[in-house]
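Asks: Predicted model follows, preceded by the sequence.
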Amino acid sequence: MLVKALMDRGMFALMGLPTCKQVEEFAYDFLEGALDAKTARRLERHLKACKNCQRFMVAYRKTRDLEASAPRPPLDPSFKEEIFKFLTKESI
Amino acid sequence: MTASNSTDKTLVQGLKEKKEEAFRELLERYSEKLFHLALRVLRREEEAREVVQEGFLKVVTKIGTFQEDSSLYTWIYRIVLNEALMRRRTRHPEREIPIEDYLPRYELGVATEPAPDWAKLPDRLFEEGEVRDFVRSCIEDLPEDLRTAYVLKDGEGLSEDEVCNILEISKFAMKNRVHRARLVIKKRIEEKYAR
Ligand SMILES: [Zn+2]
């Protein structure tokens, strides 16, 4: 593992690309589209070359989307009317 | 949501004067959103409704203290969020999971463990009841600061600025919390389903 790590690291450094750890650190801004163009390009080049980080990014993106896709129960239409009565009674 | 012609300023003024149409406008604009927000924190519809009701009462009784130069939306969200968090804390004490155990590790900049391949997991998996419940429990087990940032940003889909303003934290802190929440949830799902 260590030999491979050193080789990977050497390769990415040679290409002037971020390390796998940096890919993780940039992941939030990357998905947000908040990285500057140069850093984003470097990160994409790392992703192209690194299967592990590709997998990381797929999982990271999916995790971001998990809660957004959770079902949202509708609010009972009578609720607003109930609160309206409650508010007028309690506060006026 | 019903389109609204009334600006925040006229709404605030109406609430201060306790005008009925201002109450209606307030409920029209925020009921649904606040209900979903409270539900994300509490996970129980009945409790979420109670918290929204209490929150609205606070809004109309404290509208006099609202700083007109700040955002009404943020102020209302913060009131209901705090109400929901308080209610939650009384219900069950925080089950602090050791989040460090779930964050990725690196040696010389390279991950010490191979990343599981999520592409192999069927998309449908996450819609199934059991997995959904597990994901939910992973979110529930997060420390409050991480959980709240995650549900506001990734659940409710609020903007970075909105989350920062509601939680009154810096952008750096907000990003950090959301990022770590995602990493912890991801790791726990991987331990259970992607090995
Ligand atoms: Zn990598």
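Replies: Happy to help now that I have it. Numbers count the residues shown, from 1 in each chain, chains lettered A, B, ... in the order given.
Asks: how near is residue B:118 to the ion?
Replies: Going from residue B:118 to the ion by CB to the ion, to the nearest Å gives 16 Å. C-beta coordinates here come from the backbone N, C-alpha and C atoms, glycine included.
Asks: so does the helix ranked longest in chain A get close to chain B?
Replies: Using DSSP state H, we find that the single longest helix of chain A is helix A:51-66. Yes - on the criterion CB under 8 Å from any CB of the partner chain, helix A:51-66 is in touch with chain B at A:52-53, A:55-56, A:58-60, A:62-66.
Asks: Quick one, which of these are buried?
Replies: Listed as buried from those are A:52-53, A:55-56, A:58-60, A:62-64, A:66; burial here means 16 or more other CB atoms under 10 Å in any protein chain shown.
Asks: May I see the residues you listed organised as TSV, with distance to the ion and pLDDT added?
Replies: Formatted as TSV, those follow (distance: CB to the ion, whole Å; pLDDT from 0 to 100):
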residue	distance to the ion	pLDDT
A:52	5	93
A:53	3	95
A:55	9	96
A:56	7	96
A:58	13	95
A:59	13	95
A:60	13	97
A:62	18	93
A:63	18	94
A:64	19	95
A:66	23	89
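Asks: Now stretch A:12-29 - C-alpha only, PDB.
Replies: Taking Å, rounded to 0.1, in the frame of the first residue of the first chain, the C-alpha atoms of stretch A:12-29 are listed here in PDB:
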ATOM      1  CA  PHE A  12       0.100  13.400  -9.200                       C
ATOM      2  CA  ALA A  13       2.800  15.700  -7.900                       C
ATOM      3  CA  LEU A  14       4.700  15.300 -11.200                       C
ATOM      4  CA  MET A  15       1.500  16.300 -13.100                       C
ATOM      5  CA  GLY A  16       1.000  19.200 -10.800                       C
ATOM      6  CA  LEU A  17      -2.300  17.800  -9.600                       C
ATOM      7  CA  PRO A  18      -3.800  17.700  -6.100                       C
ATOM      8  CA  THR A  19      -3.400  14.600  -3.900                       C
ATOM      9  CA  CYS A  20      -6.300  12.300  -3.100                       C
ATOM     10  CA  LYS A  21      -6.500  13.900   0.300                       C
ATOM     11  CA  GLN A  22      -6.800  17.300  -1.400                       C
ATOM     12  CA  VAL A  23      -9.500  16.000  -3.700                       C
ATOM     13  CA  GLU A  24     -11.500  15.100  -0.600                       C
ATOM     14  CA  GLU A  25     -10.900  18.600   0.900                       C
ATOM     15  CA  PHE A  26     -12.000  20.300  -2.300                       C
ATOM     16  CA  ALA A  27     -15.000  18.000  -2.800                       C
ATOM     17  CA  TYR A  28     -17.500  20.300  -1.200                       C
ATOM     18  CA  ASP A  29     -16.500  23.400  -3.300                       C
END
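Asks: Give me the contact list for that stretch.
Replies: A:8-9, A:35, A:39, A:42-43, A:45-47, A:49-50, A:52-53, A:56-57, A:60, B:104, B:106, B:108-111, B:175, B:178-179, B:182-183 (CB atoms under 8 Å, 6 or more residues apart in numbering or on different chains).
Asks: ok so, going back, now the residues of helix A:51-66 next to chain B in CSV, with distance to residue B:45?
Replies: Formatted as CSV, the residues of helix A:51-66 next to chain B follow (distance: CB to CB, whole Å):
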residue, distance to residue B:45
A:52, 42
A:53, 40
A:55, 37
A:56, 36
A:58, 33
A:59, 31
A:60, 31
A:62, 27
A:63, 25
A:64, 25
A:65, 23
A:66, 20
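Asks: For the helix or strand containing residue A:83, which residues meet the burial criterion?
Replies: Using DSSP states H and E, residue A:83 falls within helix A:78-91. Neighbour-count burial for helix A:78-91 flags A:79-80, A:83-84, A:87 (criterion: 16+ other CB under 10 Å).
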